[in-house]
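Peer 1: Sharing a model that was predicted from the sequence below.
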Amino acid sequence: MNRYFSFIVLYGLVNLCHAEDGLPQPHYHRQAADPAWLATVVQFHGHLGPSVVAGARMGMIGLRAVEAKGYFDVEVTCEGPLAKPPQSCFLDGVQVATGATLGKRTLEWVQADRLTMRIKNTGTGKIVVLRPTPALLELLASFKPQPKAGAESGHKTDDEQLEAIARKIVAMPDKEIAVVALPAPAAERHDEAEKQAVAAAESWLVLVDDGKYGDGWDVAAEYLKNAVTKDAFEKSMQAARKPLGKMKSREVKSKDYRTSLPGAPDGKYVVIQFETSFENKTAAIETITPMLDKDGKWRVSGYFIR
């Protein structure tokens, strides 16, 4: 009895300390089998649910795979149907598990049909790509909302269902959570794609540097030509480039292979940034996005300068 009373007092003191700290109290009743990390996930998210736990599990698996410490040595990109809850709750789990956050701009999400996580150790350059297993996807889709009378009729409430599914995901072995790809062959293919895309961008920039904006439109990707008329493109480029004067120097700053971009159809893209110096602007950043056209050639689909 005394041990039970001591537990009640201790539990009350812990809750009181949290309340005095000013942190919101999540909806969570810890069970004996719950791992310690689960409380941290719930404290961040507010309640125990399948999607946030799936994000945490995949994030932890990915962090170990790239051998990163987390917080400041990782960049994470999540693709998937993440525009709204409950699917978007996945991102909260990823933030807790990896330390990559929207605030630090080290977590990016892209709307797509299928869920994929790409995590990079920024110190070593090691990258892995994770995809949920069919078993995990089946669990995430297994929640069935109950009518309000469900609890009275003996069925589990929605919260009970969600917590039960979440705890199943907690208990799953790593191999049943995610398929992890160490993309060495893929990285080599991406390196070749990036090389070809940079060559296409530099060839296109020769035309732009010479003021041949119409010719630049002629050899651009079909996506760009469908989005803007030749006349409008020429006027836009004239307004953006002419005041800068002649190009003096240009160096590739970064290049990043992507299969999807916000507001663009899925495809193969390379986002390239150049550090450029002009007569009238000594430090400019040009962002050029070549894409792989249907004929297998890389062509410029977008250009932006700041």
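Peer 2: Yep, that arrived.

Peer 1: which one's the longest helix in this structure?
Peer 2: helix 184-209 (DSSP state H).

Peer 1: Show the average pLDDT along it.
Peer 2: Averaging pLDDT along helix 184-209 gives 85.

Peer 1: Might you quantify the distance of that helix from its chain's geometric centre?
Peer 2: When distances are taken as C-alpha atoms, centre = their mean, to the nearest Å, helix 184-209 is centred 23 Å away from the chain's centroid.

Peer 1: now swap in stretch 164-181 and tell me
Peer 2: 20 Å.

Peer 1: what about it, how long is it end to end?
Peer 2: Stretch 164-181 has an end-to-end distance of 29 Å (criterion: C-alpha to C-alpha, to the nearest Å).

Peer 1: quick one, strands of this structure?
Peer 2: With DSSP state E as the criterion, the chain has strands at 74-80, 107-111, 116-121, 127-132, 178-181, 247-258, 269-278, 284-292, 298-305.

Peer 1: Let me know which of the ones you listed is the nearest to Gly62.
Peer 2: Of all the strands of the chain, strand 116-121 sits nearest to Gly62, with 3.9 Å by C-beta to C-beta. Every C-beta, even on glycine, is put in place using the N, C-alpha and C of the backbone.

Peer 1: got the angle between that closest one and strand 107-111?
Peer 2: Interaxial angle, strand 116-121 versus strand 107-111 (axes from the mean of the first three to the mean of the last three C-alpha atoms, to 10 degrees): 160 degrees.

Peer 1: Low-confidence regions, the stretch 101-250 of the chain specifically.
Peer 2: 146-156, 183-189 (pLDDT under 70).

Peer 1: quick one on the thing from earlier: check which residues of the longest helix of the chain are buried.
Peer 2: Going by neighbour count (16 or more other C-beta atoms under 10 Å), the buried part of helix 184-209 is His190, Ala193, Glu194, Ala197, Val198, Ala200, Ala201, Trp204, Leu205, Leu207, Val208.

Peer 1: nearest to Met60, of those?
Peer 2: His190 (25.4 Å).

Peer 1: Roughly how far does the closest one sit from Tyr257?
Peer 2: Per C-beta to C-beta, to the nearest Å, His190 is found 4 Å from Tyr257.

Peer 1: repeat for Gly70
Peer 2: Distance of Gly70 to Tyr257, computed by C-beta to C-beta: 24 Å.

Peer 1: do the same with Glu234
Peer 2: On the measure of C-beta to C-beta, Glu234 and Tyr257 end up 30 Å apart.

Peer 1: again with Gly103
Peer 2: 26 Å.

Peer 1: So between the two, which is more surrounded?
Peer 2: With neighbours defined as other C-beta atoms under 10 Å, Gly103 and Tyr257 compare such that Tyr257 has more, 17 against 7.

Peer 1: Across the sheet, point out what pairs with the more buried one.
Peer 2: For Tyr257, the beta-bridge assignment (DSSP bridges) gives partners Val270.

Peer 1: ok and the longest helix of the chain relative to strand 298-305, angle-wise?
Peer 2: 60 degrees.

Peer 1: Against which helices or strands is helix 184-209 packed?
Peer 2: Identification of packing neighbours for helix 184-209 by 3 or more C-beta pairs under 8 Å, 6 or more residues apart in numbering; DSSP states H and E yields helix 213-218, strand 247-258, strand 269-278, strand 284-292, strand 298-305.

Peer 1: which parts of the third one are buried?
Peer 2: Counting neighbours by 16+ other C-beta under 10 Å, one finds that the buried residues in strand 269-278 are Tyr269, Val270, Val271, Ile272, Gln273, Phe274, Thr276, Phe278.

Peer 1: if we can go back for a sec, adding distance to Thr98, write the buried residues of helix 184-209 out as a markdown table.
Peer 2: Formatted as a markdown table, the buried residues of helix 184-209 follow (distance: C-beta to C-beta, whole Å):
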| residue | distance to Thr98 |
| --- | --- |
| His190 | 22 |
| Ala193 | 26 |
| Glu194 | 25 |
| Ala197 | 28 |
| Val198 | 30 |
| Ala200 | 34 |
| Ala201 | 32 |
| Trp204 | 37 |
| Leu205 | 36 |
| Leu207 | 42 |
| Val208 | 39 |
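
Peer 1: so which of those residues would you say is closest to His27?
Peer 2: Using C-beta to C-beta, His190 comes nearest to His27 of the buried residues of helix 184-209, at 42.9 Å.
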